[in-house]
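Engineer: A structural model of the following input is requested.
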Amino acid sequence: QVQLQESGPGLVKPSQTLALTCTVSGGSITTNSYYWSWIRQPPGKGLEWIGYITYSGSTYYSPSLKSRTSISRDTGKNQFSLQLSSVTPEDTAVYYCARELEATPGYDYWGKGTLVTVSS
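Structural biologist: Below is the predicted model:
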């Protein structure tokens with residue numbers, strides 16, 4: 001059973017960088033054909049895909065967030081991380097990490113999500 005757990009600060013000030021980590025257990029982030037994603041849901045709105053890092057370490061980002069987003073990984077700790085710079089209150093959301101299989105729609109495992117509020 002694969003489990004994902006998000007961690008990081010719940011409150012970030014405007015203009016600062018949001019940093020979250022997803023710790024994966026029950027499966028390796030380097031297992032062939034799996035992609036590891038960050039997704040968010042602002043209050044009262046739908047899900048928004050932020051980006052992913054693949055099993056080989058390649059990254060892909062949403063065009064609307066690309067200039068502010070960086071996703072990296074620590075294979076020794078079986079973790080992958082999100083950094084979102086220059087945040088504004090519009091970045092307030094529940095942030096999720098999730099796993100998807102290459103060329104297969106949808107996600108098979110999700111973290112529980114963590115609320116990040118951007119406020120001074």
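
Engineer: and the pLDDT for the closest residue to Gln1 other than its chain neighbours?
Structural biologist: Leaving out its chain neighbours, the residue that sits closest to Gln1 by Cβ to Cβ, 6 or more residues apart in numbering is Gly26, at 5.0 Å. In this view, the C-beta of every residue, glycine as well, is placed from N, C-alpha and C. pLDDT, Gly26: 96.

Engineer: dump the residue contacts of Ser7.
Structural biologist: 20-23, 114 (Cβ atoms under 8 Å, 6 or more residues apart in numbering).

Engineer: could you rerun that using 10 Å?
Structural biologist: Ser7 sits next to 19-23, 79, 81, 97, 111, 114 when contact means Cβ atoms under 10 Å, 6 or more residues apart in numbering.

Engineer: look up phi and psi at the residue nearest to Gln1.
Structural biologist: For Gly26, the backbone dihedrals (degrees, to the nearest 10) come out as phi 80, psi 0.

Engineer: with the one 3 residues further on instead?
Structural biologist: For Ile29, the backbone dihedrals (degrees, to the nearest 10) come out as phi -70, psi -10.
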